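# take this sequence and fold it.
(one chain, ligands or ions: 1)
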Amino acid sequence: MLKQFVRAVVAGCLAAVPVFAQPASGDDDARMEWWREARFGMFIHWGLYAVPAGEWEGQTRHAEWIRTTAEIPIDTYDGFRGEFNPVEFDAEAWAEMAADAGMRYIVITTKHHDGFALFDSAVSEFDIMSTPFERDIMAELSEATRAQGLKMCWYHSIMDWHHPDYLPRRGWEEAGRPAGDADMDRYVAYLFNQVTELLTKYGDIGVMWFDGEWEATWNHTYGEALYKLCRGLQPGVIVNNRVDKGRGGMGGMSDEGYFGDFGTPEQTIPATGLPGVDWETCMTMNDNWGYNSHDTQWKSTEDLVRKLCDIASKGGNFLLNVGPKADGSFPEEAIDRLREIGDWMDINGESIHGTSASPFGQLPWGRCTMNYHGEEHRAVTSLYFHVFDWPSSGVLRVEGLGSEAIGASLLADAGREVGVVQKDGVTYLQVGTANPGEYATVVKLDVKGMPIVYQAPTIEAAAGILVGPMEVSLVSASPEVMVRYTLDGTEPTTASPAAEGPVTISDSCTLSARSFHEGRAVSTTTRRSFRLVEPRPGRMSGGGESGLLCEVYAGDWETMPDLGAMTPAESRTVASVGLPEKYARERVAHRYTGLLRVPADGVYRFALTSDDGSRLLLGGEVVVDNDGLHSAETRVGVAALAAGWHPVTVEWFNKTGGADLSLKMGLVGGEMGVVGAEALSH
Ligand code: FHN
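Below you'll find the model as predicted:
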């Protein structure tokens, strides 16, 4: 019955005209309210992979990916079920540690990529009930979580290395586990079955946190159907952007037109928040999601608290991970950090929960969050300054605040009053030389109404180098201010020229810009240096043949190797930089060499996209470095080039999983286009 029901749902959704229908924003706001208020949650990665605990055949750097990274045959891996008996598992203790740490929701892996379900699934034997433990962990944890007033949320992997219908197989196990009559639609029905179980058997669920969406067999149609399945089963549930295909790599934010209620930056914090965009950074406490008994790289409590402040100051949520051991206990190092974070949150939690992003730009000494207490509370805004670097002078300087201060206090010192002086666009908080707090000491400043902040101008230019006259824009986010500037690095004054539009520079200089309002400076000064350079000369003629030489190497790398010093396994001529359609080779590297034609003197921008690492060299100099293990990410570089042919090298490697490579170029300020065969020779 359930299978027919889900097939009908899938058919219904899959048959639906693909529309980018999003629920009305009013519904969205109500649905997202608890999540936006929460700001802080616990991630839990737990499953059979905790049994080997990161070690296999003498290698100790595995974790939740161990079945793939250690190439463990499926029958051997399934055997871990017999050893999975977490007698120390205590749902109440887990939920209490999360609540005491100031976390407001828990996201746990109901099924990770290995396919093992931590819940009692009616549609799979590969679940917790086939272990000696035989208890529905998700049932126990959801009850304990709600008892602590927290939201229970499910992580669920789309990618599945166990189900016979999931495609693709891992490259290394294709021979031993052929795809046979695997049917992805049949797998999707299975996936929908389990998601239906998770959203019908365990009460109110806060978030469906999907993952493993990046393989080519998952697509936007499936993603839309899955999003609608979740919302249809629990209309109030929140679904992350990994349900669909719109996630931009580990940077995590969503492309337009895809489903998902929030972006999911992973192991990284965006440089700035994005107004009106919901996002959550997920991060490990050490280096691994799943438990690794050898991993001692624990982040300090100070580092974790400051990350929480940084994320909240940008309007994001922090999902901090714990990887429990196979016996069901948390690692002691995690317990210690949760307790210490909780001690800090006991004093400073109001500066995190229910706050919104800072109205300031970068603050040199720390971060800021805010909470506007609407008209019913005398229209007051509380500004929370998280001070990382305590002022030795005993006076904290806040630039650019145009609002009238009401009063200030120190959360860490039982609300001790703090003197406030406002003069010439600067607010001085007399906090005293002794820092009463730890990790990030919070100074609370109440101001009248919504905060007025004069942002320092931004200096927008196509590049930091020029080969001739170049326009530079001086932009302030505060419409009512006048931007004045100097070109010699000195502080702008009311006598300095005003930027009535773009400023043209023709030589090396240090441009300084500052905001002025009603005849006085109201912001800090922004500075940026520019260099006049000679374009690198090119050769008058190209090579004999169109395209590039591509040399192919085999190896297992985590960062770009020195391919030039290695012997290629094969080489061929290719039209341009890139990979064949559906290219899925793993543990491979390419080195493209030849000449690139530049049509005219100028400063050129190059965009290099790759999964995994890559780099671009021109004339032997690195112009773009996009090295490292990552999903498809784009890095940009610039070079001043004269018309002619320039020696070009592109190097790329893929460890495992997805593969991607492309190169675009264009004059700075102009359109970028794929570098085609017509511009390449060797
Ligand atoms: O491959 C997974 C990984 O194991 C872990 O679950 C993280 C956490 O978000 N997500 C994927 C990597 O992006």
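
# show me what from this protein comes close to the ligand.
64-65, 211, 266, 282, 289 (CB under 6 Å from any ligand atom). Glycine gets a C-beta too; all of them are placed from N, C-alpha and C.

# and those residues, which two are furthest apart?
Spanning the widest gap among the residues of the chain next to the ligand are Trp65 and Cys282, at 15.7 Å by CB to CB.

# hmm, back to that, can I get the residues of the chain next to the ligand in JSON lines with distance to Asp28 and secondary structure?
Converted to JSON lines, these look like this (distance: CB to CB, whole Å; DSSP: H, G, I helix; E, B strand; the rest coil):
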{"residue": "Glu64", "distance to Asp28": "32", "secondary structure": "coil"}
{"residue": "Trp65", "distance to Asp28": "34", "secondary structure": "coil"}
{"residue": "Asp211", "distance to Asp28": "22", "secondary structure": "strand"}
{"residue": "Glu266", "distance to Asp28": "23", "secondary structure": "strand"}
{"residue": "Cys282", "distance to Asp28": "21", "secondary structure": "strand"}
{"residue": "Trp289", "distance to Asp28": "29", "secondary structure": "coil"}
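
# export those as CSV, with columns for neighbour count and pLDDT.
Shown next, in CSV, are the residues of the chain next to the ligand (neighbours: other CB atoms under 10 Å; pLDDT from 0 to 100):
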residue, neighbour count, pLDDT
Glu64, 25, 98
Trp65, 19, 97
Asp211, 21, 98
Glu266, 20, 95
Cys282, 23, 98
Trp289, 26, 98
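
# grab the nearest non-local neighbour of the residue nearest the centre of the chain.
Centroid-nearest residue in the chain, with CA atoms, centre = their mean: Pro265, separated by 1.6 Å. In space, and not counting its chain neighbours, Pro265 is closest to Gly252: 3.4 Å by CB to CB, 6 or more residues apart in numbering.

# in this structure the one you found contacts Trp279, no?
Yes: counting by CB atoms under 8 Å, Trp279 is a contact partner of Gly252 at 6.8 Å.

# what sits in contact with each of these two?
263-265 (CB atoms under 8 Å, 6 or more residues apart in numbering).

# how about the stretch 101-250 of the chain: which residue is closest to the ligand?
Here the residue of the stretch 101-250 of the chain nearest the ligand is Asp211; by CB to the nearest ligand atom that distance is 4.8 Å.

# partners of that residue in the sheet?
Ser157 (DSSP bridges).

# now do the contacts for the closest residue to Pro52 other than its chain neighbours.
Residue nearest to Pro52 in three dimensions, not counting chain neighbours: Ile66, with 5.6 Å by CB to CB, 6+ apart. Shown in contact with Ile66 (CB under 8 Å, 6+ apart): 49, 52, 54, 56, 72, 290.

# and what of Arg572?
Counting by CB under 8 Å, 6+ apart, Arg572 touches 549-550, 552.

# partner residues bridging it?
Taking DSSP bridges, one finds Cys550 as the beta-bridge partners of Arg572.

# which pLDDT value belongs to it?
As predicted, Arg572 sits at a pLDDT of 94.

# again, but for the one 5 residues further on
The predicted structure scores Val577 at 95 on the pLDDT scale.

# I'd like the distance between it and the ligand.
26 Å (CB to the nearest ligand atom, to the nearest Å).

# my guess is Ile352 meets Met345, correct?
Yes: counting by CB under 8 Å, Ile352 touches Met345, with 6.9 Å between them.

# give me the more crowded residue out of those two.
Ile352 (25 against 20; other CB atoms under 10 Å).

# can you pull the contacts of that one?
So Ile352 contacts 39-40, 102, 308-309, 312, 345, 369 (CB under 8 Å, 6+ apart).

# again, only this time at 6 Å
39, 312 (CB atoms under 6 Å, 6 or more residues apart in numbering).

# could you check how far it is from Thr131?
Separation of Ile352 from Thr131 (CB to CB, to the nearest Å): 38 Å.

# His646 too?
From His646 to Thr131 the distance is 61 Å (CB to CB).

# same check on Tyr592?
Here the criterion is CB to CB. By it, Tyr592 lies 50 Å from Thr131.
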